[in-house]
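Undergrad: Next come a sequence and a model predicted from it.
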Amino acid sequence: MLTSTLAKDKFSLDDFVASPPDRMEWVDGQLIEKNGMTLRHGELQLRLGRYWENYKESSGQGGKVYTDVPCRTNKQGRSPDVAYLTPELVAQFGNSATLPQSFPLCAEIVSPTDIAEDVLLKAQEYLESGGEEVWLVFPESRWVMVITENQGLMFKSGQVVSTQKVLKGFSVPIDDLFA
């Protein structure tokens, strides 16, 4: 996701957590606007969120699925494109303005202008802040990378991507996700 820095004097991480601005992240002491979203990005974000939502309902696992929702990592204020919160964490933090940790399962839709190293570092940041599984979705190449603390898996056209640790049992053919 292409980002731009906005000059906001004295907007701290605590300010972000208390009242997170729309389509913004708090990175390295500055508010960063998440922009550059395309129709394709929005379509994939909605589709993946809907797949996770339908599966959590049909499997009886409960919890909640969100899009563009704020969380606090150990270092920053982030807003993953798609996120899943377990029933236990919904009960504990469901009314908070910002989740005080990473979501157990989250996804970032990667744009062609994103820098690979930055996207991988963001995934690592999520995992170091309470996240258990991160999906990096690459629309142009039609790949999905699933990253956990112990492994990174790549799925491509013709394969079926599945969760590894959270929302157990979920899977979707890559070609359906990118249809």
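TA: Structure received.
Undergrad: Buried residues, stretch 60-78. List them.
TA: By 16 or more other Cβ atoms under 10 Å, the buried positions in stretch 60-78 come out as 61, 63-73, 76-78. Where C-beta positions appear, they are placed from N, C-alpha and C, glycine not excepted.
Undergrad: Taking the residues you listed, tell me the two that lie furthest apart.
TA: Greatest spatial distance in the buried residues of stretch 60-78: Gln61 and Gln76, 28.3 Å, computed using Cβ to Cβ.
Undergrad: average pLDDT for stretch 73-85?
TA: Averaging pLDDT along stretch 73-85 yields 96.
Undergrad: Restrict that stretch to CA atoms and write it as PDB.
TA: Presented in PDB, the C-alpha positions along stretch 73-85 are these (Å, rounded to 0.1, in the frame of the first residue of the first chain):
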ATOM      1  CA  THR A  73       2.100  -3.400  17.900                       C
ATOM      2  CA  ASN A  74       5.100  -3.200  20.100                       C
ATOM      3  CA  LYS A  75       6.400  -0.300  18.100                       C
ATOM      4  CA  GLN A  76       3.600   1.300  16.000                       C
ATOM      5  CA  GLY A  77      -0.100   1.800  15.400                       C
ATOM      6  CA  ARG A  78      -1.200  -0.300  12.500                       C
ATOM      7  CA  SER A  79      -4.400  -1.000  10.500                       C
ATOM      8  CA  PRO A  80      -4.300  -4.400   8.700                       C
ATOM      9  CA  ASP A  81      -6.400  -4.700   5.600                       C
ATOM     10  CA  VAL A  82      -8.300  -7.800   7.000                       C
ATOM     11  CA  ALA A  83      -8.100  -9.100  10.600                       C
ATOM     12  CA  TYR A  84      -9.700 -11.800  12.700                       C
ATOM     13  CA  LEU A  85     -10.200 -11.600  16.400                       C
END
